[in-house]
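Trainee: Okay, sequence plus prediction incoming.
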Amino acid sequence: MFCNTIKNFFIKRIAFKRLSNYYLEVSSDKINTVGIIFNDANFKEKKALFSEIERFGIAKNNIKVLVYKKNVNKKEVNEEPFVTLKDIGFSGDFNKIEVQDFIATPFDLLINYYEVNDAPLILISIESKAKFKVGFTSVDKRVNSFMINLHLHQYREFVAELFKYIKILNKL
């Protein structure tokens, strides 16, 4: 427990230091691939969110997910790749291949589906090679290219609002 607190402190420090030197890139590419980052403790409606995104024309096989878990139950079956605090080194590097692959994938759209400034989630978002990043206004403003002022449980409204603006930006 104490080690996790120290590790979380170092990861937070690294994430916000990288965030100070971080610049978002602007891309005019059309959106075909979508990456989504979740905090497992705060959001349980993953399947419903996927179906909402598919409703707007994104194929199911073009949606990739990474789930952040604070605690992992060994008996639990995980459908999606996940990351825990144990998978992040004290220097902010990721030890898990699934996380490295997710970060290296150049998604056309990355949805940061979390409301809290959690250091591991921000670190993943910063390191991601995604071209267009979207999230909530409650998260640090430097992380996302576009922010929506809703709550986590309003996933239908979030997706509808997101795709409304994506169409306005001519990215779909």
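Mentor: In hand now; what should we look at? Since the structure is predicted, the reported quantities are computational estimates derived from the model, not experimental observations. Numbers count the residues shown, from 1 in each chain.

Trainee: just the helices in this protein please.
Mentor: Assigned by DSSP state H, the helices in the chain fall at 2-20, 46-55, 97-104, 119-127, 155-168.

Trainee: Mind giving me the packing neighbours of the shortest one?
Mentor: Yep, that's helix 97-104 we're talking about. strand 63-68, strand 82-83, helix 119-127 (3 or more Cβ pairs under 8 Å, 6 or more residues apart in numbering; DSSP states H and E). Any C-beta I mention is one placed from the backbone N, CA and C, and that applies to glycine too.

Trainee: could these be laid out in TSV, adding distance to Asn149?
Mentor: As requested, the helices and strands packed on helix 97-104 are arranged in TSV below (distance: least, Cβ to Cβ, whole Å):
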stretch	distance to Asn149
strand 63-68	22
strand 82-83	27
helix 119-127	18
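
Trainee: ok, the residue lying closest to Val67 once chain neighbours are set aside - contacts?
Mentor: In space, and not counting its chain neighbours, Val67 is closest to Phe82: 4.3 Å by Cβ to Cβ, 6 or more residues apart in numbering. By Cβ atoms under 8 Å, 6 or more residues apart in numbering, the contact list for Phe82 reads 40, 66-69, 72, 98.

Trainee: Let me know the pLDDT of Phe82.
Mentor: As predicted, Phe82 sits at a pLDDT of 88.

Trainee: was I right about Val139 contacting Ala119?
Mentor: No. Contact status for Val139 versus Ala119: not in contact, 11.6 Å apart, counting by Cβ atoms under 8 Å.

Trainee: ok, the residue most central in space within the chain to Pro106 distance?
Mentor: Most central in the chain under Cα atoms, centre = their mean is Ile37, positioned 2.7 Å from the mean C-alpha point. Note on Ile37: its distance to Pro106, by Cβ to Cβ, to the nearest Å, is 15 Å.
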